[in-house]
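Engineer: Just the structure for this:
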Amino acid sequence: MKHAKPKLAPNLAKRAERLTATIAALKVKIQQIYDEGEVSPKGCYVARYQVRQQQKIYWYYKLQASEPIFEQAKDRQKKSKYKHLGRAFCEEHITAVVQVVRRNQIDELERTINSLTNSLLDLYYDGES
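Structural biologist: Below is the predicted model of the structure:
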């Protein structure tokens, strides 16, 4: 048996419609971000690290995850938390930065959708009148 939503007062119904429309619009934005290109896995960020060789200092970048998800270069069966990107502004570095930016945008939109969904539930089930 399907549960019907309780009826809302007209002013609450308008608020519910606005919340529903906003959630739908945010979902469209998320899809647009996915359509723009690759998105980094959740929990990844670009990290800068230093290598010292023969009294010289070199800066490199890596994509870092909270758990091993990247194939290792030497053993494709093993996973690593790190993916080497190279020096600043090389193609891999810029690509990874853009992918992380997309992930952060999606994560923020998803948090907003969750908050609005909770607000919508409050309208229906918390007895607001």
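
Engineer: in this protein, which spans are strands?
Structural biologist: Ranges of strands within the chain are 45-53, 56-64, 70-71, 79-80, 82-86, based on DSSP state E.

Engineer: Within its sheet, name the partner strands of the last one and how each one runs.
Structural biologist: Strand 82-86 has the following strand partners under DSSP bridges: strand 56-64 (antiparallel).

Engineer: Show the average pLDDT along the partner strand.
Structural biologist: Throughout strand 56-64, pLDDT has a mean value of 97.

Engineer: What of stretch 76-85?
Structural biologist: 94.

Engineer: Please apply the same query to stretch 92-104.
Structural biologist: Stretch 92-104 comes out at a mean pLDDT of 98.

Engineer: now for the strands of the chain, which one comes closest to residue 94?
Structural biologist: With C-beta to C-beta as the criterion, residue 94 lies closest to strand 82-86 of those, at 8.9 Å. All C-beta spots, glycine's among them, are computed from the backbone N, C-alpha and C.

Engineer: Report the angle between the closest one and strand 45-53.
Structural biologist: Angle, strand 82-86 to strand 45-53, by axes from the mean of the first three to the mean of the last three C-alpha atoms, to 10 degrees: 70 degrees.

Engineer: list the buried ones in strand 82-86?
Structural biologist: Using 16 or more other C-beta atoms under 10 Å as the test for burial, strand 82-86 gives 83, 85.

Engineer: what about the helices in this structure?
Structural biologist: Applying DSSP state H to the chain gives helices spanning 10-36, 91-125.

Engineer: would you turn those into a markdown table with mean neighbour count and distance to residue 59?
Structural biologist: Formatted as a markdown table, the helices of the chain follow (neighbours: other C-beta atoms under 10 Å; distance: least, C-beta to C-beta, whole Å):
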| stretch | mean neighbour count | distance to residue 59 |
| --- | --- | --- |
| helix 10-36 | 13 | 28 |
| helix 91-125 | 15 | 11 |
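
Engineer: I'd like those helices written out as a markdown table, with distance to residue 83 added.
Structural biologist: Formatted as a markdown table, the helices of the chain follow (distance: least, C-beta to C-beta, whole Å):
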| stretch | distance to residue 83 |
| --- | --- |
| helix 10-36 | 20 |
| helix 91-125 | 8 |
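
Engineer: Thank you, goodbye.
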